[in-house]
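# kindly return the folded structure for what I paste below:
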Amino acid sequence: MRGAVLAVLLAAVAPAQSDFAHWMQAAPGRAQEVRAFEAYLHRAGVGGVLPLPPLLLNSSSWAACADAPYSLPPRALWPNIVPTLRFVRARIVPALGPVAALSGYRSPALNKCSGGAPKSAHAQYFALDLTPLQFKDRGKMIAAVCALHARYGPAAQAGLGFYSGMRFHIDTMGFRRWGADFHGATSPCLALAAKGWTRSAREPVRGGASRCPAGSRRDRSPCRPWR
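Numbers count the residues shown, from 1 in each chain. Coordinates of the predicted model:
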């Protein structure tokens, strides 16, 4: 019964397999490159952490930007997603259960069109937008992810952002966090930490030593994101 429910949830967030197959065959050599990417993930020890098609999903604004629903990053960027997938497997899934990827790599053109930051973690393929498949309570989901991010995020250089509904962002491009308006000061983790609901962690602060990626901006809380 639980397997059947999970299958329904996966179908609700995943695109049709036929759409992915069509995209793979739409350009010469693309299917071969996708298979090479899948083989690379297996060699790196992160094959199967998440299904392959959602890992290649574009920004949700792909249609408005006249792009494709999927995008394969250049080979030079493939290593960037490996630590993020390790963090998802080691920290996110044990806390939330199964998750689905909603967005991964964005090409420079799509990143600009969709309003992404110039040095977006998505544009460099460090980032995934995720949603839990079993958690349905946003407050509990936020509390669980904030707690694991406070405890394990600094060592993993993990960035964490929360958007509307059950959607959240994870990358390994620098320890920072932010809310739906992309500012660190609006991260819901700050309110939880103030109430003592999450374990404290060393964070970059104005005027002090920073763990922010070079070139990122800072405000009154951790680094502003390269979303």
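
# going forward, measure contacts between C-alpha atoms and count neighbours the same way
OK.

# name the nearest residue to the residue nearest in space to the middle of the chain, ignoring sequence neighbours.
Centrality entry for the chain: nearest residue to the mean C-alpha point is L128, 2.0 Å, by Cα atoms, centre = their mean. Nearest-residue entry for L128: G104, 4.7 Å, with adjacent residues in sequence omitted and distances by Cα to Cα, 6 or more residues apart in numbering.

# which residues does that neighbour contact?
Contacts here follow Cα atoms under 8 Å, 6 or more residues apart in numbering; on that basis G104 touches 54-59, 122, 125, 127-129.

# and if you look at M24?
Here M24 is in contact with 30-31, 34 (Cα under 8 Å, 6+ apart).

# count of neighbours near the nearest residue to D171 once chain neighbours are set aside?
Distances taken as Cα to Cα, 6+ apart put A127 closest to D171, at 4.1 Å, once the chain neighbours are dropped. Number of residues near A127 (other Cα atoms under 10 Å) recorded here: 28.

# go on, the one 3 residues further on?
Applying other Cα under 10 Å, we find 21 other residues in the vicinity of L130.

# next, the contact list for it, please.
99-103, 167-170.

# for the chain, just list every one of the helices.
All helices of the chain, identified by DSSP state H, fall at 2-13, 17-25, 30-43, 52-55, 78-87, 93-96, 108-113, 138-156, 188-194.

# for the last one, packing partners?
The helices and strands touching helix 188-194, judged by 3 or more Cα pairs under 8 Å, 6 or more residues apart in numbering; DSSP states H and E, are helix 138-156.

# show me what counts as buried in the helix it packs on.
Of all the residues in helix 138-156, those buried under the rule 16 or more other Cα atoms under 10 Å are 141-147, 149-154, 156.

# same deal with stretch 29-47?
Applying a neighbour-count criterion of 16+ other Cα under 10 Å, one finds 31, 33-34, 37-38, 40-41, 46-47 buried in stretch 29-47.

# run through who's touching that stretch.
Counting by Cα under 8 Å, 6+ apart, the neighbours of stretch 29-47 from elsewhere in the structure are 24-25, 48, 52, 72, 75, 78, 82, 85-86.
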